[in-house]
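Q: The amino acid sequence is not available; the structure is as follows:
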């Protein structure tokens, strides 16, 4: 241990080098790249290193990939080789991987091809689909550092997390684990192992977090679908900030059993959720994973099979067959969105209307009243778990979230008070939601509501100052899907003169905005359903996204 | 406040007198009764004060009562009058009521009769059914003391708890709230307001708790069905110890919104559950309450409608149509059951076999390993909430559970550790359960398991020393149903000579056993299903109880 305390730099660098050494020679590219300012967006740049066939394979949606592998049109091997190659390229561009398991992935692909040859049918609904995983998910034979130097080389991944076992049983191929911030506690991705993960659509900006590597890898099409985890926005934020889609299911829908977290054992637990290049990838993952009946193996999962009937009905409804009503909340009243986010919200509201639905101004109980106890619960231990993980290697903190030292722990009475505040807030919120039935004209309360993913598009390093738009969904335990809407346009996304700020945080976020620098960055919103309404939320996300692309 | 500190006795006595004053003259009986030793069982004794018609009405099962009121055979008024009368008699015999609302009940009965006369159909599936409620459930216009003198006269019940609103919408009639121990924290029912509630089947023994008044009232047929709450056995124990049936649903099945608790805001919450004179009463309550879609109003309720198909299938299965396998655990290895409980377990095992099912010895992970973190979580605040409730009136503690003074509170790290221990225990337990598929011969893991409700039948005051058989179910969040099996028989329920005790608690419970005194006391077991398996558990409880009665 004493040695570790001085060696954290060496241990981190050694892991980083070991990772690069797993990239085959044919996947190496000339480094360094041009500077981020000179070449902000590398999502086109990556294609020069790929064959046309590789581009085709990797830019196909998950659902079409399994269609091809399941009909024998494509072999699992060629698909896996293409994604391994592209993921390796992506990592060299944005440091988005923590673990590389190309060899075992190709071995598995070959077994699946043999299975298909013998049985003339796929092993399961994810036959031969490469699925990337956030680092916190255990995969036998790889590290789970969670961004802590001190957790490297520890036998934490003696066995797969439950959801990995389930994925394998469905025919999925595990080939990479993706980068996370130190402790997985931030909306940016930086640690003392792989360094910083920038946004591949604009490398001057953050990739997001905490499933940051996952978001960046998807943007570069080094993956078509993966799994992140979400305690305060960690699937949604990095998905949306990379022009992709991310689902935050409610607690108890997917198995979190055996996944690593810094924050654990609290009333507001992490959930695992899919992230993908298309909504159909999220849907494929939910439907397939629930088909394995995960409640039989993870006691925290509720026996709720995928509701195909609800999904189909909501699909029809959103397309305009039946009139629905959506709540629209442009600002939470604590931090106003920057101009491109405000424009994205207007675009979505217009699309909802164009589909024939009613738009209602969403005026729920103050989100701050829900976020206050949320933060008390999440940080009840005063950062002890985080700081003791740092202490195992002596590495310095790379996070602003938790401060340089532990703060006093909460006591039982304080935790109880915060837990009750959350429950009461959920009731107040639900009462508000129900009250909207008087104004929707559908006879029902609003079917879902839509709000920004964050007040900003992916910001510059250090500027992800406010996460209240996503944390409130965790407070409420609602299901929510992040969808990309537009890109920042420096020509039209401008504040009007004389901005009247709501408070210091709001002012700082106003001042941060740099349209010149942010030009081209993805702008996303989230569609929020009630608790355990994943089918509904995905159907709405699909319908609205489709209309947005028209 | 200063006045309260000296007046707690007067306040308690005044409430007790006010309660008696609400009993109409025609329901008064000569008091005092003969001593408990001279007249232990008052369940027959009560009949002398009732007309034959009243006996018929009150000794009908809930499900048949609503059949009669819904067809017009019986008026809601005559049913309600009979139950009000019998509940008033019961209270004079065992102090089982905290609140009397006969007047509003009769008013409501009359409205329901008018409704039926006009519409020729019932208002809902509980049309005219009197439903008794544990004191902790708020009813507008009544006190919710929770057994605390200091909570009397406070405007706590400004509105009905959610489940009361739901019951009323189904046609149920609210007429009494039943006694609880001080703070609702004990398996005996004693407080400084109504005093002690003895067991009506043997008044030398405890009625149980914390839904103690509810259990005693059911035994005396002053109610056919009611609601209790359960944090560690509080619906099951007083149901079973009074020869009745009690369900502990899993968290999130029924609405707990707006119910009072001393222990709150923890990972192992109280649940509300039905208690009834027959299993069919439990089933009626679950089916009816879920029909109101409580998840639309209580954000903690999961969207899980009553599964009639599962209930019917399990009903058929248990009757012997398909072979099933049941786990049987006679002792949890920490405290052995006293002889009558052991005999009850053998009886149930024989019945399961007689139905054509397989019996498997249930050898799960140590229940102590699950109960240890359970108690840490429940008492994390060191009894602060309890003692501060006592301090509002200055009344002394009547409970041994929490000690005379608050103890140090747990800190966040300790609570987190205990929460994680519970989750890990649930996983270990589920793994064990799944492992039984290798020995059941059905291709499935065991369908449910059966164990004692407690190591003792209702004990003498002060001897409810160990609740680990029920708390483990709360730790696991399983659904469980208490069913009565037999009565203590002093002639055959005897320890063999030379008992080898497991530990001091086990020895004390061995030494407590007094067959002479306990003769005739009800002996119960519990049927335990997985999480959220209420339909299955009720079907099994019905089938096994029916066979027991053959």
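A: Noted; the coordinates are in hand. Quantities reported herein were computed from a predicted structural model and do not represent experimental measurements.

Q: from here on, contacts and neighbour counts on C-alpha atoms
A: OK.

Q: Taking helix B:412-435 as reference, get the angle to the lengthiest helix in chain A.
A: Assignment by DSSP state H gives helix A:412-435 as the longest helix of chain A. What separates the directions of helix A:412-435 and helix B:412-435 is an angle of 70 degrees, with axes from the mean of the first three to the mean of the last three Cα atoms, to 10 degrees.

Q: Near chain B, which residues of the stretch 301-450 of chain A? Just list them.
A: Applying Cα under 8 Å from any Cα of the partner chain, we find that the stretch 301-450 of chain A lies next to chain B at A:302-303, A:380-381, A:409-413, A:415-420, A:423, A:426-427, A:430-431.

Q: ok, back up a step: touching the longest helix of chain A from outside, list them.
A: Contact partners of helix A:412-435, identified using Cα atoms under 8 Å, 6 or more residues apart in numbering or on different chains, comprise A:267, A:364-365, A:369-370, A:373-374, A:376-377, A:380, A:444-446, A:475-476, B:264-266, B:296-300, B:380-381, B:409-412, B:415.

Q: Which of the helices and strands in chain A ranks last by mean pLDDT?
A: The helix or strand with the lowest mean pLDDT-type score in chain A, counting by mean pLDDT, DSSP states H and E, is helix A:2-21 (a mean of 84).

Q: how about the helices of the stretch 101-250 of chain A, start to end?
A: Read by DSSP state H, counting those that start in this stretch, the stretch 101-250 of chain A holds these helices, from start to end of the chain: A:102-119, A:162-169, A:212-219, A:236-240.

Q: and chain A, which of its residues are near chain B?
A: Proximity of chain A to chain B is confined to A:264-267, A:296-300, A:302-303, A:380-381, A:409-413, A:415-420, A:423, A:426-427, A:430-431, A:531-532 under the rule Cα under 8 Å from any Cα.

Q: hmm, which of those residues are the buried ones?
A: By the neighbour-count criterion of 16 or more other Cα atoms under 10 Å in any protein chain shown, the residues of chain A next to chain B include these buried positions: A:264-267, A:296-300, A:302-303, A:380-381, A:409-413, A:415-420, A:423, A:426-427, A:430-431, A:531-532.

Q: ok, which stretches of the stretch 151-300 of chain A are strands?
A: Listed in chain order, the strands found in the stretch 151-300 of chain A under DSSP state E, counting those that start in this stretch are A:173-178, A:190-191, A:195-196, A:198-199, A:202-206, A:225-230, A:245-248, A:271-276.

Q: winner for burial among those strands?
A: strand A:245-248 (a mean of 35; mean count of other Cα atoms under 10 Å in any protein chain shown).

Q: Strand partners (parallel or antiparallel) of it?
A: Each strand paired with strand A:245-248, and its direction, by DSSP bridges: strand A:271-276 (antiparallel), strand A:480-487 (antiparallel).

Q: Would you mind checking the average pLDDT for the last one?
A: Right, the one you point to is strand A:480-487. Mean pLDDT, strand A:480-487: 98.

Q: So what touches the helix or strand just after that strand?
A: Past strand A:480-487, heading to the C-terminal end, the next element that is a helix or strand (DSSP states H and E) is helix A:504-512. Counting by Cα under 8 Å, 6+ apart, the neighbours of helix A:504-512 from elsewhere in the structure are A:334-336, A:338, A:455-456, A:463, A:465-466, A:501.

Q: tell me which element residue A:98 is part of?
A: When secondary structure is defined using DSSP H and E, the element that contains residue A:98 is strand A:97-100.

Q: Give me the distance from that strand to the chain's centre.
A: Taking the mean C-alpha point of strand A:97-100 and that of its whole chain, the gap between them comes to 17 Å (Cα atoms, centre = their mean, to the nearest Å).

Q: ok, now stretch A:534-550?
A: Centroid displacement of stretch A:534-550 relative to its chain, using Cα atoms, centre = their mean, is 17 Å.

Q: Can you point out the buried residues in that stretch?
A: Going by neighbour count (16+ other Cα under 10 Å), the buried part of stretch A:534-550 is A:534-545, A:548.

Q: Identify those among the residues you listed that sit within helices.
A: Counting by DSSP H, the members of these that fall within helices are A:534-545, A:548.

Q: Please report the distance of the residue nearest in space to the middle of chain A from residue A:278.
A: For chain A, the residue nearest the mean C-alpha position is residue A:235 (1.9 Å; Cα atoms, centre = their mean). Distance check for residue A:235 against residue A:278: by Cα to Cα, to the nearest Å, it reads 14 Å.

Q: Can you name the residue of the stretch 1-150 of chain A nearest to chain B?
A: Taking Cα to the nearest Cα, chain B has its nearest neighbour within the stretch 1-150 of chain A at residue A:138, 16.4 Å off.

Q: contacting residues around that residue?
A: Listed by Cα under 8 Å, 6+ apart, the contact partners of residue A:138 are A:144, A:156-157, A:159-161, A:164, A:258-260.

Q: Distance check, it against residue A:256.
A: Residue A:138 sits 11 Å away from residue A:256 when distances are taken as Cα to Cα.

Q: Next, show the common contact partners of these two.
A: Applying Cα under 8 Å, 6+ apart, one finds that residue A:138 and residue A:256 are jointly contacted by residue A:161.

Q: Just the pLDDT for residue A:156.
A: Reading off the per-residue confidence, residue A:156 sits at a pLDDT of 59.

Q: and residue A:52, how many neighbours does it have?
A: Other residues near residue A:52 come to 10 when the count uses other Cα atoms under 10 Å in any protein chain shown.

Q: Revised request: answer the last question for residue A:39.
A: Residue A:39 sits with 15 neighbouring residues when counted by other Cα under 10 Å.

Q: Enumerate every residue touching residue A:96.
A: Contacts of residue A:96 were listed using Cα under 8 Å, 6+ apart, and they are A:90, A:178-179, A:197, A:212-214, A:216-217.

Q: how much space between the nearest residue to it once chain neighbours are set aside and residue B:488?
A: With Cα to Cα, 6 or more residues apart in numbering or on different chains as the measure, residue A:213 is the residue that lies nearest to residue A:96, at 4.2 Å, once sequence neighbours are left out. Residue A:213 sits 66 Å away from residue B:488, taking Cα to Cα as the criterion.

Q: Could you check the angle the helix or strand where residue A:525 lies makes with helix A:534-548?
A: With secondary structure defined by DSSP H and E, residue A:525 is part of strand A:522-528. With the same axes, to 10 degrees applied, the angle from strand A:522-528 to helix A:534-548 works out at 140 degrees.

Q: Just the residues contacting strand A:522-528, thanks.
A: Residues outside strand A:522-528 that contact it (Cα under 8 Å, 6+ apart): A:201, A:236, A:240-243, A:340-341, A:344-345, A:448-454, A:456-458, A:473, A:478-488, A:537, A:540-541.

Q: again, 7 Å this time
A: Judged by Cα atoms under 7 Å, 6 or more residues apart in numbering or on different chains, the contacts made with strand A:522-528 from elsewhere in the structure are A:240-243, A:340-341, A:344, A:448-453, A:457, A:478-488, A:537, A:541.
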